[in-house]
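**Student:** With the sequence up front, the predicted model follows.
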Amino acid sequence: MKVDGKNPVAARTTGHIHSIETFGLVDGPGVRYVVFLQGCRMRCRYCHNPETWALDAGETKTAQEVFDQAYRYHNYWKKNGGITVSGGEPLLQTDFVAELFALAKQKGIHTVLDTAGSPFTREEPFYGSFCRLMEVTDLVMLDIKEMDAGQHRELTGQDNQNILDMADDLSGKGKEMWIRHVLVPGLTDSAAGLRALRERIDGWKTVSRVEVLPYHTLGLFKWEGLGITYPLAGVHPPTEEEVLRAEQILGIR
């Protein structure tokens, strides 16, 4: 996808939008305009946004429409803020995100992709679209749910080998990554699993930040509203000591 003046972006691709946050502070560096997309194939047992699972829901907008709305807030972004696309799973709508980010790069705006990586494959046509997206993406925030493949399938309903392969690919491309890990007591907090994650991170050359995200139950009411049985009823958020232990194993502290 060309983004210079001789090859203007068409900006006709549409996306399914779940919601917008105009002043995000935890979705990348600086102040972010955050676009949450519809659609996710994972069924994480602790998901706090189950209403984003359906791809054909939400509001349909063109990349140009979303960018125009976002750009109204550009004065708040200063030098290190910008636009983040999250989900759901934004890699289910790669062409839309690539077009939105190409528009952003025309204005010199920093772009962040917040993803769990589950649709990643090196097969076409996905991989070509993914590579075009990476050309206009400054930072990838990758959520690594679990290292053990069997436990990952039990936790999310999906495999994780392609997700780890995506991180390998990003490292090879020289693409900056932040690695995030949701810490769920009894599920994603084993010392062995955290050490395995640390070892894998050490092999990725472009990881600039690692974050532990404590599990919370703020999305429980959404499961109840959708009539879905919440699978982690009775599981409590990790204590400060448990979070500190995980951060120490991951080398954050």
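**Tutor:** It's in.
**Student:** show me where the stretch 51-200 of the chain has strands.
**Tutor:** Taking DSSP state E, counting those that start in this stretch, the strands of the stretch 51-200 of the chain run over residues 59-62, 82-86, 110-115, 139-143, 176-183.
**Student:** what are the pairing partners of the third one, and which direction each?
**Tutor:** Under the criterion DSSP bridges, strand 110-115 sits next to strand 82-86 (parallel), strand 139-143 (parallel) in its sheet.
**Student:** and the angle for that strand with strand 176-183?
**Tutor:** Counting by axes from the mean of the first three to the mean of the last three Cα atoms, to 10 degrees, strand 110-115 lies at 40 degrees to strand 176-183.
**Student:** Mind listing what's buried along stretch 147-155?
**Tutor:** 147, 151-152, 155 (16 or more other Cβ atoms under 10 Å). Just so you know, the C-beta spots here come from the backbone N, C-alpha and C atoms, and that holds for glycine as well.
**Student:** Out of those, name the ones that lie in helices.
**Tutor:** In this view, the buried residues of stretch 147-155 that belong to helices under DSSP state H are 151-152, 155.
**Student:** Just give me the closest of those residues to Thr229.
**Tutor:** Comparing these against Thr229 with Cβ to Cβ places Leu155 closest, at 16.0 Å.
**Student:** any idea how far Val182 is from the closest one?
**Tutor:** Using Cβ to Cβ, to the nearest Å, Leu155 is found at 10 Å from Val182.
**Student:** shared neighbours of the two, anything?
**Tutor:** Common contacts of Leu155 and Val182 (Cβ atoms under 8 Å, 6 or more residues apart in numbering): 145, 188.
**Student:** now the buried residues of stretch 147-155 as a markdown table including pLDDT and distance to Gly58?
**Tutor:** Shown next, in a markdown table, are the buried residues of stretch 147-155 (pLDDT from 0 to 100; distance: Cβ to Cβ, whole Å):
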| residue | pLDDT | distance to Gly58 |
| --- | --- | --- |
| Met147 | 96 | 32 |
| Gln151 | 95 | 31 |
| His152 | 97 | 27 |
| Leu155 | 96 | 25 |
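**Student:** Counting neighbours, what do you get for Arg180?
**Tutor:** Counted by other Cβ atoms under 10 Å, the residues lying close to Arg180 total 17.
**Student:** Could you list which residues are in contact with it?
**Tutor:** Arg180 neighbours (Cβ under 8 Å, 6+ apart): 141-144, 210-213.
**Student:** so what's Gly186 up against?
**Tutor:** In this structure, Gly186 makes contact with Val235, judged by Cβ under 8 Å, 6+ apart.
**Student:** For it, give me phi and psi.
**Tutor:** Backbone torsions of Gly186, given as degrees, to the nearest 10, read phi 80, psi -10.
**Student:** Give me the distance between the two termini of stretch 213-226.
**Tutor:** Length of stretch 213-226, first residue to last, Cα to Cα, to the nearest Å: 25 Å.
**Student:** Show me where the stretch 151-253 of the chain has its helices.
**Tutor:** 161-173, 191-203, 220-225, 240-249 (DSSP state H, counting those that start in this stretch).
**Student:** Save these as JSON lines, and put in mean pLDDT and mean neighbour count too.
**Tutor:** What follows is these, written out as JSON lines (pLDDT from 0 to 100; neighbours: other Cβ atoms under 10 Å):
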{"stretch": "helix 161-173", "mean pLDDT": "98", "mean neighbour count": "17"}
{"stretch": "helix 191-203", "mean pLDDT": "97", "mean neighbour count": "15"}
{"stretch": "helix 220-225", "mean pLDDT": "90", "mean neighbour count": "14"}
{"stretch": "helix 240-249", "mean pLDDT": "97", "mean neighbour count": "15"}
